[in-house]
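Enquirer: okay, predicted coordinates and the sequence, questions at the end:
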Amino acid sequence: MKYAGMSATTAAARTAATLLTLALLAGTLLAGCASQPTVTAPPRAAQAPQQSPQQATGPQAAQPQPEAAPAQAEAAPAPATVPADETVRVALLLPLSGKAASLGEAMQQAAQMALFDTADSHFQLLIRDTKSTPEGAVAAAQDALAAGATLLIGPVYGVDAKAVTPAAGTVPVLSFSNDATVADTHAPAGGTWVLGFQPQDQVARVVSYAASRGLTRLALLAPVGSNGDMVEQAMRDAAAKAGADVTRAARYQPTQKDVSDTIKRLSNFEQRHAQMAAARETAAAAKEGGKDGKPTAAVEDLSFQAILIAEGGQRLKEVAPLLPFFDIDPGPVRFLGTGQWDEPGIGREPALVGGWYASAAPDARQGFEKRFNDVYGQRPPRLATLAYDATALAAVLAKGHKAYVRENLTDANGFAGIDGVFRLLPTGQVERGLSVLEVTKTGVTVVDPAPTSFTPAAAPAPSPNTGS
């Protein structure tokens, strides 16, 4: 396999700064399902040296590097361990056939990169095809469990993860879904965590930052539906916590092609234009009467200083230009967004330039994307970093002889990965350190960096799910 890495000189300098346990990397074994061959990684000495970042240990934790993988921290003795010479089997449940096969293949490739970077010869990754269906996901999980898997990574979609949870029993599940209702840690052992990027965290981060910059009167534009409801509630909660207020909220049907009327209501467009017309008439009458002819009638200001647009992709590009057309200008009003904005070329839409949104710091991901492209000849999908970080987390815990029990998975210090610091919470949710990015004409720039550690540890909160 072709493998692109850094120079030996650079790698040596970086490796000196890593934990001793991470310098002892040996061969990596990738074990497929029955219909797939077993692929063995080249001996470590034959590969380009790589660096793995460390598990976050507090305020002094290092900033993740572009080639980052989660790694083990020096910590208190683990509550559960595995023998040093025991083979650890972890299953990766991905849609390798069916409608999502291309996504599954790319995520498998990202996981394989993590193996080369972090795993040792006692770690096996069992690749299982979910066939892009809940039934396929359950069958894949059952097959992996029968093969001895002690941790399930995946599946990708929430409906698949909900189906897998009861089948997993006491074996933990790290799903790639961003559906908060998938989280399930009610049982004393096992449990399902939601690794996907959740809009609630992104909304809270960008709203908090906006309020810290004096933007305390906020508006929301979001589609009707569960996702819009979740964003609105998260925005109201974050605003209340930050001393801000959501003064306006406008919702529209997801299938609604033209949202002009919704935006006009949001900006009080008709009323404000009537006031402007009245002001012009007053000025004209005054001028005819020999007065100075300056408008004297008041035109009310917008009731908000910033607006959160809960859209992404093509829909965002359709909605954003309508805002300035109906008097919500990106100069006096700051546009805010979620991780849905995190896509190449967003600055090509003039209305979004200057907007803020919360997402993982871009530097490490850009380094990963370059490596992925060098190895596989294509740009990875956004979810590829999740596959990398989850696989690396599993490999690093195994290297430290830590069993996949809840106490180890939910280490309060968290882990530093390609998408920044993250930690699994006892509720089944995943907390992430996010940056606030500003859209520019040529890309994005970081206006508020992501934290590099979690201090203090998060207090457990009630789980939003109802169980599976």
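Expert: Sure, I can see it.

Enquirer: now Leu220: how far from Gln314?
Expert: Using CB to CB, to the nearest Å, Leu220 is found at 20 Å from Gln314. For every residue, glycine as well, the C-beta is placed using N, CA and C.

Enquirer: neighbour count for those two, which is higher?
Expert: Legend: neighbour count by other CB atoms under 10 Å for Leu220 and Gln314, higher for Leu220 (25 against 8).

Enquirer: helix/strand/coil for the more buried one?
Expert: strand (DSSP: H, G, I helix; E, B strand; the rest coil).

Enquirer: now it. Nearest residue, chain neighbours left out?
Expert: Excluding the flanking residues, the one nearest Leu220 by CB to CB, 6 or more residues apart in numbering is Ala249, at 4.3 Å.

Enquirer: for that neighbour, give me its contacts.
Expert: Going by CB atoms under 8 Å, 6 or more residues apart in numbering, Ala249 touches 219-220, 222, 232.

Enquirer: try it again at 10 Å.
Expert: Contact analysis of Ala249 by CB atoms under 10 Å, 6 or more residues apart in numbering lists 218-222, 228, 232, 235-236, 266, 304, 307-308.

Enquirer: which helix or strand contains it?
Expert: Ala249 is located in strand 245-252, with elements delineated by DSSP states H and E.

Enquirer: Thr165: which element?
Expert: Using DSSP H and E, Thr165 maps to helix 158-168.

Enquirer: what helices or strands is that helix leaning on?
Expert: If you count contacts as 3 or more CB pairs under 10 Å, 6 or more residues apart in numbering; DSSP states H and E, helix 158-168 packs onto strand 88-94, helix 134-146, strand 151-153, strand 173-175, strand 192-194.

Enquirer: want to try a markdown table for these, with distance to Ser260 and mean neighbour count as columns?
Expert: Conversion of those to a markdown table gives the following (distance: least, CB to CB, whole Å; neighbours: other CB atoms under 10 Å):
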| stretch | distance to Ser260 | mean neighbour count |
| --- | --- | --- |
| strand 88-94 | 41 | 27 |
| helix 134-146 | 39 | 20 |
| strand 151-153 | 44 | 27 |
| strand 173-175 | 38 | 28 |
| strand 192-194 | 36 | 26 |
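
Enquirer: from Leu424, how far off is Val319?
Expert: In this view, Val319 and Leu424 are 35 Å apart by CB to CB.

Enquirer: compile the helices and strands packed on helix 158-168 into a markdown table and extend it with columns for distance to Thr452.
Expert: Formatted as a markdown table, the helices and strands packed on helix 158-168 follow (distance: least, CB to CB, whole Å):
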| stretch | distance to Thr452 |
| --- | --- |
| strand 88-94 | 27 |
| helix 134-146 | 34 |
| strand 151-153 | 25 |
| strand 173-175 | 22 |
| strand 192-194 | 22 |
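
Enquirer: indicate which one of these is closest to Arg371.
Expert: Closest of the helices and strands packed on helix 158-168 to Arg371 is strand 88-94, at 19.2 Å (criterion: CB to CB).

Enquirer: next, the buried residues of the next helix or strand after that closest one.
Expert: Once strand 88-94 ends, the next helix or strand along the chain (criterion: DSSP H and E) is helix 101-118. If you call a residue buried by 16 or more other CB atoms under 10 Å, then helix 101-118 has these buried ones: 103-118.

Enquirer: which residues of the stretch 201-350 of the chain fall in helices?
Expert: Applying DSSP state H, counting those that start in this stretch to the stretch 201-350 of the chain gives helices spanning 226-242, 260-266, 269-288, 313-319, 322-325.

Enquirer: can you tell me which of these the model trusts least?
Expert: For those, mean pLDDT drops lowest on helix 269-288, to a mean of 61.

Enquirer: shaky segments in the stretch 301-450 of the chain?
Expert: Across the stretch 301-450 of the chain, no stretch falls below the confidence threshold (pLDDT under 70).

Enquirer: now the strands for it?
Expert: 306-309, 334-337, 356-359, 415-417, 420-424, 430-432, 435-440, 443-448 (DSSP state E, counting those that start in this stretch).

Enquirer: residue contacts, Ala238?
Expert: Contacts of Ala238 (CB under 10 Å, 6+ apart): 200-201, 203-208, 210-211, 218, 244, 246, 308.

Enquirer: one step back: of Val319 and Leu424, which one has the most company?
Expert: Per other CB under 10 Å, whichever of Val319 and Leu424 has more neighbours is Leu424, with 26 against 21.

Enquirer: hang on, the more buried one packs against Leu195?
Expert: Yes: using CB atoms under 10 Å, Leu424 makes contact with Leu195 at a distance of 8.4 Å.

Enquirer: and for these two, which residues touch both?
Expert: 174, 393, 430.

Enquirer: contacting residues around Gly420?
Expert: Residues counted as contacts of Gly420 (CB under 10 Å, 6+ apart) are 56, 63-64, 68, 359-361, 363-365, 385, 389, 414, 432-435, 449-452.

Enquirer: returning to what we had before: buried set for the strand holding Ala249?
Expert: Quick answer for strand 245-252 (16+ other CB under 10 Å): 246, 248-252.

Enquirer: now stretch 338-357
Expert: Residues of stretch 338-357 classed as buried: 338-342, 346-347, 349, 351-353, 355-357 (neighbour count, 16+ other CB under 10 Å).

Enquirer: likewise for stretch 443-453?
Expert: 444, 448, 450-453.

Enquirer: before we move on, back to that, each with direction, which strands does the strand holding Ala249 pair with?
Expert: Strand pairing for strand 245-252, determined by DSSP bridges: strand 217-223 (parallel).

Enquirer: show me where pLDDT drops low in the stretch 1-150 of the chain?
Expert: Using pLDDT under 70, the flagged stretches of the stretch 1-150 of the chain are 1-79.

Enquirer: what about 80?
Expert: 1-80, 82-85 (pLDDT under 80).

Enquirer: the spatially closest residue to Gly417 that is not a sequence neighbour - how many residues pack around it?
Expert: Excluding its sequence neighbours, the residue lying closest to Gly417 (CB to CB, 6+ apart) is Asp389, at 3.6 Å. Asp389 is flanked by 27 other residues according to other CB under 10 Å.

Enquirer: pretty sure Asp389 sits against Leu195.
Expert: Yes: under the criterion of CB under 10 Å, Asp389 makes contact with Leu195 at 7.8 Å.
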